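*Asks:* Predicted model, plus sequence, below.
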Amino acid sequence: MPMYQVMPVCGEIKVAVLDFMYKLPNIHQEKERLAIQTLTARQDQIMKKAYELKVAAGGLVKTVTIPDADPADSLSPAHISGSPATTTTTPFGGAVADLGALLGEDPGALRDIVISANPAQPPPLTLLVLHALLSQRYRVLSTVGVHSSVSGGVVLPPELLSCLGPCHPDSYDRQCFQVGFTLLWRDVPKLQMRYCVQKMCPVEGEANVARFLFRLLAQYPGDPALATLLDSWVDRAFFELAEGSSTEQRAATLSALNAALGRSTWVAGSEFTLADIACYCCVLQCGLASSPPANVQRWLEACDNLGLFATTRLLLPAVTKVSHC
């Protein structure tokens with residue numbers, strides 16, 4: 001006999017055994033099917049937009065990722081312009097350069113070239129001429145920005161903020177362009193260019209940057225002697241004319257230029273090259289174009305007839321307008 005006997009407190013409990021865990025509505029009904037189709041279409045649109053943002057961010061990283069910049073610094077876009085169409089014409093002789101072979105094939109990503117220049121120094125006239133030629137050859141998205149290192153108390157003239165041309169109406173769509181060309185006014189001791197931040201060290205000096213941009217337009221001469229002559233005149237233009245330490249040195253270089261132009265139509269031979277662009281801009285920058293020797297005068301007029309240097313004479317005085325508040 002048990003020690004304790006407990007009486008039942010409730011009657012018989014019947015538990016319904018289910019053959020499913022959760023009850024769901026029938027998705028095969030017409031209303032639910034249309035809702036799913038709408039949701040799927042919206043998801044496709046979101047994924048497409050996400051891909052476009054990824055491509056745009058991949059191009060922008062070359063512009064905003066500057067290793068020696070302070071994280072608190074910022075880039076203030078001052079002007080954006082671009083060229084909507086391409087042409088195959090070029091004033092340079094020889095074959096036209098292949099952009100994909102030089103900068104690498106990267107489908108869907110904009111190739112960004114970022115140049116930092118000090119507004120307190122003479123403007124990079126050579127690079128502006130090469131930018132105009134690039135805009136004729138490729139679809140170029142051009143941007144002028146002001147770095148925070150010079151924004152405080154410094155007033156830049158409008159000529160420096162619009163030196164790459166008027167704003168392009170399609171500048172919001174980076175995929176419409178082949179090359180991004182950004183000129184960043186920044187407090188740097190020497191002009192420098194960055195193309196691929198992750199794989200490439202900065203290229204310093206206007207002469208070296210000009211050589212890089214020139215190779216996007218035309219091939220260097222195959223003749224080693226002619227290529228050396230071209231490089232020699234590019235160096236002399238910047239180091240002896242633009243950065244010459246004395247009036248006598250500049251006069252001697254101008255005399256040598258006059259003698260070279262007495263032997264050929266252009267500075268480095270019978271074809272218009274980077275040497276002509278560099279020498280023209282440096283002669284103009286030094287103020288030697290007012291009363292040059294006869295051969296130099298003839299050559300200056302021939303360069304003006306090409307229509308490539310129209311903005312250089314207007315931009316040169318702009319650097320003197322940089323004021324400090």
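*Replies:* Yep, that arrived.

*Asks:* drop to CA atoms for contacts and neighbour counts, all remaining ones
*Replies:* Noted.

*Asks:* What distance do you get for the most centrally placed residue in the chain to Met193?
*Replies:* By C-alpha atoms, centre = their mean, the chain has its centre lying nearest to Phe181, at 2.0 Å. Note on Phe181: its distance to Met193, by C-alpha to C-alpha, to the nearest Å, is 10 Å.

*Asks:* show me where the protein has helices.
*Replies:* Listed in chain order, the helices of the chain (DSSP state H) span residues 30-64, 99-103, 125-137, 148-151, 158-161, 206-214, 224-236, 247-263, 274-285, 294-305, 312-315.

*Asks:* Kindly state the domain boundaries assigned to the protein.
*Replies:* The record's domain split for the chain, according to automatic domain parsing, is 51-219, 224-320.

*Asks:* Can you report how many residues neighbour Glu243?
*Replies:* 13 (other C-alpha atoms under 10 Å).

*Asks:* Next: the one 3 residues further on.
*Replies:* Here the count is done by other C-alpha under 10 Å, and Ser246 has 10 residues near it.

*Asks:* contacting residues around it?
*Replies:* The contact partners of Ser246, by C-alpha atoms under 8 Å, 6 or more residues apart in numbering, come to none.

*Asks:* Give me the distance between it and Asp304.
*Replies:* Spatial separation of Ser246 from Asp304 under the definition C-alpha to C-alpha is 28 Å.

*Asks:* same check, this time on Lys14
*Replies:* According to C-alpha to C-alpha, Lys14 stands 102 Å off from Asp304.

*Asks:* Tell me which of these two has more neighbours.
*Replies:* Under the neighbour definition other C-alpha under 10 Å, Lys14 and Asp304 were set side by side, and Asp304 has more, 12 against 6.

*Asks:* Next, work out how far apart the residue lying closest to the more buried one once chain neighbours are set aside and Val129 are.
*Replies:* Among residues not flanking Asp304 along the chain, Ala310 sits closest, at 7.4 Å (C-alpha to C-alpha, 6 or more residues apart in numbering). Taken as C-alpha to C-alpha, the spacing of Ala310 relative to Val129 amounts to 9 Å.

*Asks:* Columns mean pLDDT on top of the domains of the chain, output as a markdown table?
*Replies:* Shown next, in a markdown table, are those (pLDDT from 0 to 100):
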| stretch | mean pLDDT |
| --- | --- |
| domain 51-219 | 72 |
| domain 224-320 | 87 |
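
*Asks:* Switch these over to CSV; also include distance to Tyr22.
*Replies:* CSV is the format used below for the domains of the chain (distance: least, C-alpha to C-alpha, whole Å):
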stretch, distance to Tyr22
domain 51-219, 37
domain 224-320, 74
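
*Asks:* of those domains, which approaches Tyr4 most closely?
*Replies:* With C-alpha to C-alpha, the closest approach to Tyr4 among those belongs to domain 51-219: 74.7 Å.

*Asks:* what about the closest one, how long is it end to end?
*Replies:* The first residue of domain 51-219 is 35 Å away from its last residue (C-alpha to C-alpha).

*Asks:* same check, this time on stretch 149-163
*Replies:* 20 Å.

*Asks:* Ok, which of the domains of the chain comes nearest Thr38?
*Replies:* Thr38 lies closest to domain 51-219 among the domains of the chain, at 20.3 Å (C-alpha to C-alpha).

*Asks:* which residues touch Leu164?
*Replies:* Under the criterion of C-alpha under 8 Å, 6+ apart, the contact partners of Leu164 comprise Ser81, Leu128, His131, Ala132, Ser142, Thr143, Val144.

*Asks:* Show the buried residues in those.
*Replies:* Among the contacts of Leu164, the ones that count as buried by 16 or more other C-alpha atoms under 10 Å are Ser81, Leu128, His131, Ala132, Ser142, Thr143, Val144.

*Asks:* Closest one to Ala259 out of those, please.
*Replies:* Each of the buried ones among the contacts of Leu164 was checked against Ala259 using C-alpha to C-alpha; the closest is Leu128, at 27.5 Å.

*Asks:* Thanks again, I'm all set now.
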